[in-house]
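Peer 1: Next one to model:
(one chain, ligands or ions: 1)
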Amino acid sequence: MWREGGAVLVPVSDVGLGDRAAEVLRRNDLGSMTAAAPRLYPHMWSWDSALIAVGLAQLSVPRAVTELRTLLRAQWSTGMIPHIVFSEGDGYFPGPERWGTQAAAAAPGSVRTSGICQPPVHAVAVRRIVDAGRRAGGAAREEAEAFVRDTFGAWLAWHRWLATARDPDRRGLVEIYHGWESGMDNSPRWDRPYAAVVPGAELPSFVRTDVDHVGDAGERPTDAEYGRYLWLVEQLRRVDYDDDAARDVVGFRVADVFTSAILAVASDELAVLGEELGAGTAGDVAELRELAARFRAGVLSTVSPSTGLARDLDRRSGEWIETETVAGFAPLLCGPDERQRELFWGERWCGHPALAHPLPPTVSPSDPGLQPRAYWRGPVWPIVSWLFGWAFERQGDHDGAGRLREASLRQLAAGDFGEYYEPFTGEPLGSLHQSWTAAVTLDWLAQPGRR
Ligand code: 2M8
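Peer 2: Numbering: from 1, shown residues only. Purely as a prediction, here's the structure:
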């Protein structure tokens, strides 16, 4: 099942690493979904599952398709794809009881999910599955292409929901109601908006489980941060996750520039797939192209003239969020950008002399606020490096993509598949055997033209 007809393009020197990565995905396989990590995350996460499918596509196109079909079974009737699809496993908090989404009118009846979303990287994965299917040929190709025709409408509904419910003023920026929706949970990007979130006395008590599964609790968010995270869940739950009501009651509303950039490129990818495979109507394809253009323009509208980095916008206070994080490179994810390219490889970022590998940390290594072991506040995340490498390749910047791939494979060579890495020592942190880290490793190993 794991290697079909020699379709795995792993070079001989990397066979060991590729085998280990495949083994991680096999062990985390729960049947029709993959746990994001063995103990810390025993369920399916939305953007993890897309990147996991990118890796699975190198091993088995049908298994990659199954992953995304499982995710789509959890799609809400509004079009939203929830950020967690719960497995039968336990040991994760907040679990389905705390989310209480069964009362939400739009939630699916047969699957337990959370009530918020994550960045829409899915069309990127669908494209990868089609490409892998075409390379393998035969039944794999047929299955991949049939998958696009079957599910095009569902992905379109997801993009439409983001572009309407989460961009009601048509600014070309996706609004998020929780730091978890950004995927970059405790990034310094969210410090200011979170400062205004004050948990009410009626917040039900809670016991965290995440800190039991990492080497050191300092690698995870603090208890105070968790209190705010859970208070937002409480606010959303009280209005049964209704989109219109949520906008008025939630204490955190931020236009997220990185998610917006992902929506822009993913809309382009989906438009191309629709056209190539005759999925959807000409109007659907035109709509996706319009979304791509609107969100790219939205992203560019946030760039700070002084730093050259893109910024999030706090919709509650109306203030720009000025932090020096990797999300500032959102324009570079959307399209070629010479000024940003120079910044990205320059001394404040990948070219910083103290870095273990020339890869983008989540916070600039020149920023004194960087915390090298603290989750999204400094470490290097392989999936972030992968997303930029993917974007560079797409823009025809093969050199940039190759640099990120080679540096990442050196970072990953020990085969721990850390959730994130200490930027100055290269030590793996958080969960080990993290599925999406293993998955992007497989994709990097399979890419033709490695230097
Ligand atoms: C982390 O987020 C979850 C909450 O969604 C958590 O900390 O419990 C983030 O890194 C997120 O981006 C990721 O999707 C998830 C699973 O890997 O873990």
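Peer 1: What is the neighbour count of the residue of the stretch 51-200 of the chain found nearest the ligand?
Peer 2: Distances between the stretch 51-200 of the chain and the ligand by C-beta to the nearest ligand atom are smallest at Gly183, namely 3.4 Å. To be clear about C-beta, it is placed using only N, CA and C from the backbone, and glycine gets the same treatment. For Gly183, the tally of surrounding residues (other C-beta atoms under 10 Å) stands at 25.
Peer 1: With Val198 instead?
Peer 2: 10.
Peer 1: Now do it, the pLDDT please.
Peer 2: Here the pLDDT value assigned to Val198 is 96.
Peer 1: thinking again about what came up before, tell me how far the residue of the stretch 51-200 of the chain closest to the ligand lies from Val121.
Peer 2: 9 Å (C-beta to C-beta, to the nearest Å).
Peer 1: Give me every residue in the protein lying close to the ligand.
Peer 2: By C-beta under 6 Å from any ligand atom, the part of the chain that sits against the ligand consists of 36, 41, 45, 47-48, 83, 180, 183, 185, 210.
Peer 1: okay, those in a markdown table with pLDDT, secondary structure and distance to Leu277 next?
Peer 2: Shown next, in a markdown table, are the residues of the chain next to the ligand (pLDDT from 0 to 100; DSSP: H, G, I helix; E, B strand; the rest coil; distance: C-beta to C-beta, whole Å):
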| residue | pLDDT | secondary structure | distance to Leu277 |
| --- | --- | --- | --- |
| Ala36 | 98 | coil | 29 |
| Tyr41 | 96 | coil | 33 |
| Trp45 | 98 | strand | 27 |
| Trp47 | 98 | helix | 24 |
| Asp48 | 98 | helix | 26 |
| His83 | 98 | coil | 28 |
| Trp180 | 98 | helix | 33 |
| Gly183 | 98 | coil | 28 |
| Asp185 | 97 | coil | 35 |
| Asp210 | 93 | helix | 41 |
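Peer 1: just to revisit the earlier point, overlap in contacts of Gly183 and Val121?
Peer 2: Shared contacts of Gly183 and Val121, defined by C-beta atoms under 8 Å, 6 or more residues apart in numbering, comprise Trp47.
Peer 1: tally of neighbours for the residue of the stretch 201-350 of the chain found nearest the ligand?
Peer 2: Of all residues in the stretch 201-350 of the chain, Asp210 sits closest to the ligand, at 5.7 Å by C-beta to the nearest ligand atom. By the criterion of other C-beta under 10 Å, Asp210 has 19 neighbours.
Peer 1: who's in contact with it?
Peer 2: Counted by C-beta under 8 Å, 6+ apart, Asp210 has contacts 40, 92-93, 220.
Peer 1: Any stretches of this protein with poor pLDDT?
Peer 2: Within the chain, the stretches with pLDDT under 70 are 1-15, 448-451.
Peer 1: Show the residue spans covered by the strands in it.
Peer 2: Counting by DSSP state E, one finds strands in the chain at the ranges 44-45, 84-85, 174-176, 254-256, 312-314, 320-321, 420-421, 428-429.
Peer 1: In CSV: the ones you listed, plus mean neighbour count and distance to Glu145.
Peer 2: Formatted as CSV, those follow (neighbours: other C-beta atoms under 10 Å; distance: least, C-beta to C-beta, whole Å):
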stretch, mean neighbour count, distance to Glu145
strand 44-45, 26, 24
strand 84-85, 24, 25
strand 174-176, 27, 29
strand 254-256, 26, 33
strand 312-314, 23, 37
strand 320-321, 18, 42
strand 420-421, 27, 35
strand 428-429, 24, 37
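Peer 1: for the chain, longest helix please?
Peer 2: In terms of residue count, the longest helix belonging to the chain (DSSP state H) is helix 138-164.
Peer 1: now the contacts of Asp210: which count as buried?
Peer 2: 40, 92, 220 (16 or more other C-beta atoms under 10 Å).
Peer 1: which residue is nearest the middle of this structure?
Peer 2: For the chain, the residue sitting closest to the mean C-alpha position, by C-alpha atoms, centre = their mean, is Trp47 at 4.1 Å.
Peer 1: Can you tell me how far it is from Tyr241?
Peer 2: Trp47 sits 19 Å away from Tyr241, going by C-beta to C-beta.
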